[in-house]
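[1] Below is the sequence, then the predicted model.
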Amino acid sequence: MGAALAGHLIFAAVLFGGWEIASRFALVDASFLPPLAHVCAILWGFLHDAAFLGDLELTATEVAVAFLIAAPLAISSGFLLGERLHLAETFNPVVHLVLAVPQSIFLPVFILAFGIGFLEKVLFGITHAYFIILVNSFAAVRSIPPALVAAARVFGATRSQVYTRIYLPAMLPLILTGLRLGMILCIIGVLLAEMYASRRGIGRLIFSWGESYQLPELMAGILIVSILTIAVNEAMRLLELRVGRFYRSAAGS
Amino acid sequence: MKVRHIRMLLIAAAAVAAWELMVQSGLVSPIILAAPSDIALAAKKDGAVFLRALLISVTEIGMAIVIAWTLGIIFGLIVGSSYLVAAATAPVLSSIFAIPLIILYPLLMAWLGVGPLSKVVFGVLAGFFPIALNTIDGVRAIDRGYFNFARSIGATRLETNVLIVLPLALPAIVSGLRVGTGLVVIGVIVTEMLASLGGLGYVISYHRSLFDTGHVYFGMALALLIAFGVNAALTRLDRRIGHWRLRERGES
Amino acid sequence: MPIIEVTGLAKEFRSGRAVVHALRDVTFCVDERRFITLVGPSGCGKSTLLTIMAGLISPTRGEARIEGALITAPMPDRIGMVFQDPTLLPWKTALANVEFPLALRHVDPAARRKRCTELLDLVGLSEFADHYPHELSGGMRQRVAIARGLAQDPRLILMDEPFAALDEQMRTRMGHDLLEIWEKTGKTIFFITHSLTEAIYLSDTVLVMSARPGRIIDTLAIDFPRPRDLDIIGSESFGRIRNRIWHLISERQE
């Protein structure tokens, strides 16, 4: 735990320290690498800029909507497939085929079909998140030790009790991992769609800054997105750990 | 065997026919779904263009793969050999991996232009993290006894790393290579779609803007071919390594 | 003629603020071509002692010498080791595993092949030369490890509970076969075990170690004639020795 923190701190120190040194001593041309202070100032400005915040909000909304649609769908599909194995037999090869295929490549087709807009970006995000959450949910159902279920039945547990007391806690760790991965992929999908063909949103902003060679804004934007996504990832990982620990202690009882 | 194959071929043929009918009859707009005939037409008309673009993409992908594999494995081997360094570094790599790397592409674009270089660099970035992380895991998982054994027979650091550590970690490394290489392929093609001077992604994008759905689908098919080809090659590699992986911990 | 001389060996480990005294003032000699066993309660420092004798770690105080030379680093041509886990390389055949230490030394391939084939024959695995570790049983893997330990023709073989992971029958078999190998090769063997029966059956001398911090509290000469029959294990004199050692070990457990 301590080592991880130290690692992060050292990395941040090297990254930002090196950045500062490079621009301070003009090792790199300022148009290539704007000074850290300048970028931070712009970043700070963004946080108070209505237009920027509006774009950030739009992207966040797209991600949230896509995730909130994909997650329940995927979890229930995974559950269904896990329970009814004969369905799994049929759909498994299809799902694995889709997973093997890089979904991001289908972006142009998506745009042809759905145009450029909120809907298309949300749908793209959904396809990214759905399959990984599905696979993890399926694995979660399959991972429940049958001995546990049998024991519960012997003790006279009802159907719903079996589901809530045994299935749910047992499945939770894997499902949470799937959700975290799904969130990452969803964000990637939405950002990619925005960068490729969109008029608004953080992805589009960052891409256009890159095109117009506005480096300070570009780097500020990248920093904000990085911090936000790392924060989301860490939050979900902590949740996974907490639940995992809880499940392990509960499983003992 | 034979009957099954014939049956599958018949089903496939029927599917293709139905597909063609769906588009021709107007049930599905030809802009959304290209008819097989459109795709074939695109192939005939601009096959050479696509082939050239394919070559460019494959070259970029190939270069990125070589560099990502080398950097990822060597980095992973070095970091993995120390418990402390691995414990500090692996979480950092995981955190960085959580960032949607695509967001860095505009930066690469600004620094390196829209030519092949930015694609290759992005591809390397995309593939590096899973390869390095898996290599670190693979090295850490090696029984400490092997290191004592290596020292007791007088092996040097280099000999230990190359002749003992590397092969022992190979199954984990190959898993990382599978994920990482897939990401390299996607990374290169997607960045070609975003902004490029050439390559398969570029050509697909170009035809999308002209609503040449047949061309778009043909290009996608080629891209999928690359993705599948790479995946299949790596699966074979994984399987060959796997035959001693399963019994490694003395299960027989 | 003592081949091994250990004098005043002490080892302390630092773990955070605490200091762990693993060994304190260990002194003994081992004569050439003898089979010596070290027994003691769990955690008394047996493995630590072996690791120092192998040159893998250095003592805090005192010294270990082989043939007069100070042991400060591994000496592959003089000291061979067999660990509890055979640590065979899974992608190499049994023969290739035995050859591995010699391959590192760039020994001529034909010569090393011949020698290692002989070694595999010695441990009774000549038919399995082309098998992979995952195709061999635990006992067979340990035999390969023993052959490998003999590959560089060391004078001394150190063995750290090599049979501990095997079931009792296999263990007894292996012990018996090890004695045959020892008699044929004339090596000096320093053997660590938990099992008093194994210790007495196998060795010329048993060193008894106290609980941590480890010291040698007694040295027993085992006078049963060789070659030794497995029947002696049930004999009265065997039982007496066993009891004696057991008391020594349990007494010191305060």
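    Perfect, I can see it now.
[2] what pLDDT does residue 251 get?
    I'll assume chain A. With respect to pLDDT, A:A251 has a value of 56.
[3] Hmm, no, I was thinking of chain C.
    C:E251 is given a pLDDT of 71.
[4] got it, and A:V141?
    84.
[5] cool, and B:P171?
    87.
[6] what about it, how many neighbours?
    20 (other CB atoms under 10 Å in any protein chain shown). All C-beta spots, glycine's among them, are computed from the backbone N, C-alpha and C.
[7] Please apply the same query to C:I3.
    19.
[8] residue contacts, it?
    C:30-32, C:66-67, C:155-156, C:188 (CB atoms under 8 Å, 6 or more residues apart in numbering or on different chains).
[9] One more pass at 6 Å, please.
    C:32, C:67, C:188 (CB atoms under 6 Å, 6 or more residues apart in numbering or on different chains).
[10] Next one, pLDDT for the residue in the stretch 1-150 of chain A that chain C sits nearest to please.
    Residue nearest to chain C within the stretch 1-150 of chain A: A:G2 (12.9 Å; CB to the nearest CB). In this model, A:G2 is scored at 76, pLDDT.
[11] what's the distance between it and B:L84?
    10 Å (CB to CB, to the nearest Å).
[12] same question, A:H86
    A:H86 is 50 Å from B:L84, by CB to CB.
[13] Next: B:P130.
    Distance from B:P130 to B:L84, by CB to CB: 23 Å.
[14] For these two, indicate the residue with more neighbours.
    Using other CB under 10 Å as the criterion, B:P130 and B:L84 rank with B:P130 on top: 23 against 10.
[15] quick one: secondary structure of that one?
    Three-state assignment for B:P130 (DSSP: H, G, I helix; E, B strand; the rest coil): helix.
[16] ok, now which ones touch the residue nearest to C:L89 when sequence neighbours are not counted?
    Nearest residue to C:L89, sequence neighbours excluded (CB to CB, 6 or more residues apart in numbering or on different chains): C:N97, at 5.7 Å. Applying CB under 6 Å, 6+ apart, we find C:N97 in contact with C:88-89, C:144, C:148.
[17] can you list the weak-confidence ranges in the stretch 151-252 of chain B?
    Along the stretch 151-252 of chain B, segments meeting pLDDT under 70 span B:242-252.
[18] Show me which residues of it sit near chain A.
    The interface of the stretch 151-252 of chain B toward chain A, taken as CB under 6 Å from any CB of the partner chain, is made up of B:186, B:189-190, B:194, B:204, B:208, B:213, B:216, B:223, B:227, B:231.
[19] and of those residues, the nearest to chain C?
    When these are compared for distance to chain C (CB to the nearest CB), B:N231 wins out at 24.3 Å.
[20] Which positions within the helix or strand hosting that closest one qualify as buried?
    B:N231 belongs to helix B:213-245 when assigned by DSSP states H and E. Going by neighbour count (16 or more other CB atoms under 10 Å in any protein chain shown), the buried part of helix B:213-245 is B:213-220, B:222-224, B:226-227, B:230-231, B:234, B:238, B:241, B:244-245.
[21] go on, stretch A:152-167?
    Neighbour count says stretch A:152-167 has A:152, A:157, A:162, A:166-167 buried, by 16+ other CB under 10 Å.
[22] Just send the residues you listed back as CSV, with pLDDT, secondary structure and distance to chain B too.
    What follows is those, written out as CSV (pLDDT from 0 to 100; DSSP: H, G, I helix; E, B strand; the rest coil; distance: CB to the nearest CB, whole Å):
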residue, pLDDT, secondary structure, distance to chain B
A:A152, 74, helix, 31
A:A157, 70, coil, 35
A:V162, 70, helix, 33
A:I166, 74, helix, 30
A:Y167, 77, helix, 29
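[23] Which members of those are the farthest-apart pair?
    A:A157 and A:Y167 (10.9 Å; CB to CB).
[24] List the contacts of B:N148.
    C:L56.
[25] Check A:I187 too.
    A:I187 neighbours (CB under 6 Å, 6+ apart): A:63, A:229, B:100.
[26] Counting neighbours, which of the residues you listed comes out on top?
    Counting by other CB under 10 Å, top hit in the contacts of A:I187: A:V63 with 24 neighbours.
[27] Nearest the geometric middle of the chain, what residue?
    Assuming you mean chain A. Against the mean C-alpha coordinate of chain A, by CA atoms, centre = their mean, the closest residue is A:I184 at 1.8 Å.
[28] Not quite, go with chain C.
    Closest-to-mean residue, chain C, CA atoms, centre = their mean: C:M159 / 1.8 Å.
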